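Asker: With the sequence up front, the predicted model follows.
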Amino acid sequence: MLDARAIEKSFATRSGTLTVLAGVTLQLENGASAAIMGPSGSGKSTLLNILGTLEPPTSGALQIDGRDPFTLDNRELGVFRNRTVGLVFQDHHLLPQCSALENVLLPTLAGEADPAAPRRGRELLERVGLADRSDHRPAELSGGERQRVAIARALVNRPRLLLADEPTGNLDRRTADRVADLLVELHAGSDLILIVVTHSETLAARFAQRWELADGRLERQ
Ligand code: ADP
Ligand code: MG
């Protein structure tokens with residue numbers, strides 16, 4: 001499970017200390033799904049980055065499956081993150097020179113070679129509806145297709161957590177709905193903990209829990 005307690009995050013800025021998160025507590029059991037909403041600048045990405053172990057909180061405790069990732073050294077943390085967390089952003093962050101399949105397989109290249117990886121990559125591309133696009137480069141895919149590749153890439157190491165930061169923010173309404181369908185479908189019946197930051201009420205409504213981040217705190221809606 002994901003267990004975040006009293007997470008605070010401040011940044012030192014020229015005009016003094018900026019406190020973005022002022023005690024965020026969130027516990028999610030395996031298989032849970034949650035949408036996080038909140039105004040622009042309220043700290044949603046900051047929170048997701050902490051939950052995704054990309055940056056430590058100023059104070060507070062984070063445990064994922066009973067382990068505090070921020071006690072690990074940098075190398076161990078990299079390995080932990082690679083295995084435990086799948087991240088999807090508003091922009092797809094795919095490598096332009098790599099095919100869809102190669103992009104999906106990128107997270108499997110760290111550490112020991114996994115002979116089952118290519119097959120899993122192809123299966124995931126099939127699950128996201130892109131089996132016939134595996135040789136396409138990002139420039140040869142539509143926005144929605146690129147985001148599907150990014151989702152497949154986030155899942156290729158079978159993470160415990162899938163964190164999506166405004167994953168449909170750059171897509172038109174219809175494409176956004178289809179990417180949302182896909183997230184819901186991929187999560188259904190799995191043990192995955194899914195957290196989606198979104199401005200869309202329609203998207204938020206599709207997840208079991210809805211939270212609002214305001215004044216540095218999360219409030220269940
Ligand atoms: P959201 O994703 O909800 O729009 P962010 O988490 O990106 O909000 O940002 C929350 C606030 O923290 C903003 O005011 C932003 O300017 C500030 N912020 C984010 N990262 C940094 C940083 N590294 N240094 C200073 N301020 C930051
Ligand atoms: Mg953001």
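Answerer: Sure, I can see it. Ligands and ions are numbered 1, 2, ... in the order given.
Asker: Tell me which stretches of this protein form strands.
Answerer: Assigned strands in the chain, in chain order: 2-13, 16-28, 33-37, 59-64, 85-88, 161-165, 193-197, 209-214, 217-220 (criterion: DSSP state E).
Asker: what does the third one contact?
Answerer: The contact list for strand 33-37 (CB atoms under 8 Å, 6 or more residues apart in numbering) reads 26, 28, 44, 47-48, 184, 187, 193-199, 201, 203-213, 218, 221. Backbone N, C-alpha and C define where each C-beta goes, glycine included.
Asker: what does this protein put close to ligand 2?
Answerer: Counting by CB under 5 Å from the ion, the residues of the chain lying close to ligand 2 are Lys44, Ser45.
Asker: can you give me the helices for the chain?
Answerer: 44-51, 74-84, 100-105, 117-127, 143-155, 173-187, 201-204 (DSSP state H).
Asker: Thr13 is nearest to which of those?
Answerer: helix 44-51 (13.4 Å; CB to CB).
Asker: and the closest one, anywhere near ligand 1?
Answerer: Yes. Using CB under 6 Å from any ligand atom, we find that helix 44-51 touches ligand 1 at Lys44, Ser45, Thr46.
Asker: just curious, which of those residues is nearest to ligand 2?
Answerer: Ser45 (3.2 Å; CB to the ion).
Asker: quick one, what contacts the nearest residue to Ser142 once chain neighbours are set aside?
Answerer: Nearest non-adjacent residue to Ser142, counting by CB to CB, 6 or more residues apart in numbering: Thr175, 7.5 Å away. Going by CB under 8 Å, 6+ apart, Thr175 touches Ser142, Gly143, Gly144, Thr168.
Asker: Of the residues you listed, keep whichever come out buried.
Answerer: Gly143, Gly144, Thr168 (16 or more other CB atoms under 10 Å).
Asker: who does the residue nearest to the spatial centre of the chain bridge with?
Answerer: Central residue of the chain (CA atoms, centre = their mean): Leu163, 1.9 Å from the mean position. On DSSP bridges, the residues paired with Leu163 through beta bridges are Leu87, Ile195.
Asker: Quick check: it touching Leu54?
Answerer: No. Between Leu163 and Leu54 there is no contact under CB atoms under 8 Å: 9.5 Å.
Asker: what sits in contact with each of these two?
Answerer: Leu87.
Asker: nearest to ligand 1, of the contacts of Thr175?
Answerer: When these are ranked by distance to ligand 1 (CB to the nearest ligand atom), Thr168 comes first, at 14.9 Å.
Asker: got a list of what that closest one touches?
Answerer: So Thr168 contacts Gln147, Thr175, Ala176, Val179, Ala180, Thr198, Ser200, Leu203 (CB under 8 Å, 6+ apart).
Asker: redo that, cut-off 10 Å
Answerer: Contacts for Thr168 (CB atoms under 10 Å, 6 or more residues apart in numbering) come out as 88, 90, 143-144, 147, 175-180, 183, 196, 198-200, 202-203.
Asker: Can you give the distance of stretch 137-154 from its chain's centre?
Answerer: Relative to its parent chain, stretch 137-154 has a centroid offset of 15 Å by CA atoms, centre = their mean, to the nearest Å.
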